[in-house]
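Asker: need coordinates for the following:
(2 chains)
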Amino acid sequence: IGCYNVLIDAYGNNGQPFEAEKTLKLMRDMACIPNEDTFNFLMHAYRKAGEFEKAEDIFSLMQNLGYRPGILTYNTLIDVVGATGNCYKAEKVFEEMHSAGYVPNTSTYTLMISMYGKKRLSSKAEKLFQRMRRAQCPPSIFTFTALINAYAKEGLCEKAEKAFEYLQYLGYQPDVYLYNALLEAYSIGGYPAGASDVFSAMMKAGCMPDSVSYNILLDAFGRVGLYEDAERVLEAMRKTGFNPNLKTYMLLLRAYAKAGKVEEAEKLVSDMEAGGLEMDTFVCNCLLNAYGLAGRYDKMEELFLKMQSGCPKADISTYNTLINIFSQGGYTLKAEELFDSIRKEGLHPDLTTWTSLMGAYAKKKLYRKCVNIFQKMLNSGCRPD
RNA sequence: CUCAGUCCUUGAGGC
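Answerer: Alright, predicted model coming up:
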């Protein structure tokens, strides 16, 4: 059984969840009884591959076979349910495990807090953190990172700062992950100077910034239009020996777009191409958005035409980006036109598509149309969030 | 000991 478990785990780590599940079948054929770890490894395998529903299925399978999932398995389940974005269901699992007699541990709470952060529900994250304290469950540096990240995503720097002071008061040593989360609070909050201060503070404390830190600092300047400062961060990053990655470039691209610097944006893209980065759909979507933000609809349409003929292929995010640009610019008709062409391309509107389209009319205060679209969205089977 | 934390395109208004 140990051998089979190791094999399943290995397949999982190698991104081969289906091989892992075959191994489970094999071991059952060989009359070898799987244990809880077996199922846990299998769930991890599916989680790693992004097959969250399959991971949930394994949990059900395990229960149907008469196993009582332990706390570790429950944690994994909460993780995968949260990854599908179904907060409500994750909460249900959390309560269910409570009533099954398990006491949530530090990981359980951290997972939940992290999930709330990703969903921009910092108040829920905060409440759960308080509940954790009341339950005398000790937080870890992971927990604090998740909490500060939840605040960061909403730009609540005062709250993030308070949590930061609190963790230090409790004797925790902030690490680079923690500092990065705090940095992002200032970045998203629109305080690049504050982010700069955190950046200096972490170095002073002997915690060396990593490439993530540089990306966040760059974005702090970029998102308020200070593209030259953003460029300086990139330069500093290179000088320190960190290679800018795709995220770095996309952040800088947005910085240029916000500042209306189309020439700089195009130069960046051609530098990227020269550097061997592939101009895939994702990158082109970013570029479309950049053109749109900068008000260069001509360039935007030109690129979109190329994408419609398939190089690289337009996806639903391409349409969402364009619909959003037109919506913001007040070009409701263009937005509608694009929306109608989605199905012709064999694509399907998603939650963002519908919301963007509603946004077009919301901006014009045509609320009746919004309700209309909302109804259509429900009819099409798209669940609102 | 295992499980959990930070950065990349697209969603109105407000802060």
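Asker: pLDDT wise, what is A:Ala100 at?
Answerer: For A:Ala100, the pLDDT comes out at 87.
Asker: which residues does it contact?
Answerer: A:68, A:74 (CB atoms under 8 Å, 6 or more residues apart in numbering). (Each C-beta comes from the backbone N, C-alpha and C, glycine too.)
Asker: please apply the same query to the one 3 residues further on.
Answerer: Each residue near A:Val103 by CB under 8 Å, 6+ apart is listed here: A:71, A:135, A:137.
Asker: report the separation between A:Asn289 and A:Lys247.
Answerer: Using CB to CB, to the nearest Å, we find A:Asn289 at a distance of 15 Å from A:Lys247.
Asker: please identify which of those two sits among more neighbours.
Answerer: A:Asn289 (22 against 14; other CB atoms under 10 Å).
Asker: quick check, A:His44 in contact with A:Thr76.
Answerer: Yes: using CB atoms under 8 Å, A:His44 is in contact with A:Thr76, at 6.5 Å.
Asker: shared neighbours of the two, anything?
Answerer: Joint contacts of A:His44 and A:Thr76 (CB under 8 Å, 6+ apart) are A:Ala55.
Asker: compare the two and say which is more crowded by neighbours.
Answerer: Legend: neighbour count by other CB under 10 Å for A:His44 and A:Thr76, higher for A:Thr76 (25 against 21).
Asker: what strand or helix carries that one?
Answerer: Assigned by DSSP states H and E, A:Thr76 belongs to helix A:71-83.
Asker: that helix near RNA strand B anywhere?
Answerer: Yes: for helix A:71-83, a contact with RNA strand B is found by CB under 7 Å from any atom of the strand, at A:71-72, A:75-76, A:79.
Asker: name the residues that touch stretch A:288-298?
Answerer: Residues contacting stretch A:288-298 (CB under 8 Å, 6+ apart): A:253-254, A:256-258, A:260-262, A:265, A:299-300, A:303-304, A:307, A:318, A:321-322, A:324-325, A:329.
Asker: centroid-nearest residue for chain A?
Answerer: Chain A has A:Lys118 as the residue nearest its centroid, 6.4 Å off, counting by CA atoms, centre = their mean.
Asker: what's near enough to touch it?
Answerer: A:82, A:153.
Asker: distance of it relative to A:Ala135?
Answerer: From A:Lys118 to A:Ala135 the distance is 23 Å (CB to CB).
Asker: could you do A:Glu273 as well?
Answerer: Relative to A:Ala135, A:Glu273 is positioned 53 Å away (CB to CB).
Asker: so where's the stretch 101-250 of chain A uncertain?
Answerer: Scanning the stretch 101-250 of chain A for pLDDT under 70 picks out nothing.
Asker: look at A:Glu302 and say how many residues are nearby.
Answerer: Count around A:Glu302 with other CB under 10 Å applied: 11.
Asker: please, which helix or strand holds the closest residue to A:Cys286 other than its chain neighbours?
Answerer: Nearest non-adjacent residue to A:Cys286, counting by CB to CB, 6 or more residues apart in numbering: A:Met250, 5.1 Å away. For A:Met250, the enclosing helix or strand under DSSP H and E is helix A:246-258.
Asker: which strands or helices does that helix pack on?
Answerer: Contacts defined by 3 or more CB pairs under 8 Å, 6 or more residues apart in numbering; DSSP states H and E place helix A:246-258 against helix A:211-222, helix A:227-240, helix A:262-274, helix A:281-293.
Asker: straight-line length of stretch A:239-249, end to end?
Answerer: 16 Å (CA to CA, to the nearest Å).
Asker: and the stretch 101-250 of chain A, which residues reach RNA strand B?
Answerer: So far as CB under 7 Å from any atom of the strand goes, the stretch 101-250 of chain A lies against RNA strand B at A:105-107, A:110-111, A:114, A:117-118, A:140-143, A:145-146, A:149, A:153, A:155, A:175-178, A:180-181, A:184, A:210-213, A:215-216, A:219, A:245-247, A:250.
Asker: among the residues you listed, name the buried ones.
Answerer: Buried subset of these (neighbour count, 16 or more other CB atoms under 10 Å): A:105, A:107, A:110-111, A:114, A:117-118, A:142-143, A:145-146, A:149, A:153, A:155, A:177-178, A:180-181, A:184, A:211-213, A:215-216, A:219, A:250.
Asker: quick one: which of those residues sit in helices?
Answerer: Among those, the residues falling in helices (DSSP state H) are A:107, A:110-111, A:114, A:117-118, A:142-143, A:145-146, A:149, A:153, A:177-178, A:180-181, A:184, A:211-213, A:215-216, A:219, A:250.
Asker: one step back: the residue nearest to A:Cys286 contacts A:Asn285, correct?
Answerer: No: counting by CB under 8 Å, A:Met250 stays clear of A:Asn285, with 9.7 Å between them.
Asker: distance of the residue nearest to the centre of chain A from A:Glu154?
Answerer: Computed with CB to CB, the distance linking A:Lys118 and A:Glu154 is 12 Å.
Asker: ok, now A:Ala294?
Answerer: Counting by CB to CB - A:Ala294 and A:Glu154 are separated by 27 Å.
Asker: over to A:Phe199?
Answerer: According to CB to CB, A:Phe199 stands 21 Å off from A:Glu154.
Asker: and RNA strand B, which of the contacts of stretch A:288-298 reach it?
Answerer: Okay, of the contacts of stretch A:288-298 touching RNA strand B (CB under 7 Å from any atom of the strand), that's A:254, A:321, A:324.
Asker: can you count the residues close to the second one?
Answerer: Read it as A:Thr321. 26.
Asker: try A:Cys382
Answerer: 17.
Asker: also A:Asp298?
Answerer: Using other CB under 10 Å: A:Asp298 sits among 9 other residues.
Asker: ok, A:Phe374 - contacts?
Answerer: A:354, A:358, A:384.
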